[in-house]
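Generate coordinates for the sequence data below:
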Amino acid sequence: MKKISIHAKTKEMKVNPDYFTGQVLLQELSSIVESQEQKIFHVTFQKGARTKLHTHTGGQILIAIWENTWFLSIEP
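Next up, the predicted model:
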């Protein structure tokens, strides 16, 4: 398994306003880990930014980090 830092230098992507409000940084990590089976993103929310209610065509694994606490959500 290839290990990378989520803080690796990657191209910042334009955020879809249908999914987020406020200042959100979206970085695509799939190409770094050479993933062809899923898309991997690192999303950083600035103070006051939020995700809007939306759906995905496939499953989603969401790992949220707040201060020193990790949350995990797996949606089939």
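
so where do the helices sit in this protein?
Assigned by DSSP state H, the chain shows no helices.

Could you report the neighbour count for residue 49?
Residues lying near residue 49 (other C-beta atoms under 10 Å) number 15. C-beta here means a position set from N, CA and C on the backbone, and glycine is covered the same way.

Residue 43 too?
Other residues close to residue 43 by other C-beta under 10 Å number 16.

Now do the same contact list for it.
24, 25, 26, 27 (C-beta atoms under 8 Å, 6 or more residues apart in numbering).

Can you read off the pLDDT for the closest residue to the third one other than its chain neighbours?
Take residue 26 and drop its neighbours on the chain: the residue closest to it by C-beta to C-beta, 6 or more residues apart in numbering is residue 13, 4.5 Å away. At residue 13 the predicted local confidence, pLDDT, stands at 82.

Thought residue 63 was touching residue 72, still the case?
Yes. Residue 72 lies in contact with residue 63 (C-beta atoms under 8 Å); the separation is 5.6 Å.

Tell me which of the two has more neighbours.
Between residue 72 and residue 63, counted using other C-beta under 10 Å, residue 63 has the larger neighbour count: 11 against 8.

circling back to that earlier point, tell me the one among the contacts of residue 43 nearest to residue 51.
The shortest approach to residue 51 among the contacts of residue 43 belongs to residue 24, at 8.1 Å (C-beta to C-beta).

What helices and strands are in contact with the helix or strand of the chain with the lowest mean pLDDT?
Lowest on mean pLDDT, DSSP states H and E among the helices and strands of the chain sits strand 69-75, with a mean of 76. Counting contacts by 3 or more C-beta pairs under 8 Å, 6 or more residues apart in numbering; DSSP states H and E, strand 69-75 packs against strand 60-66.
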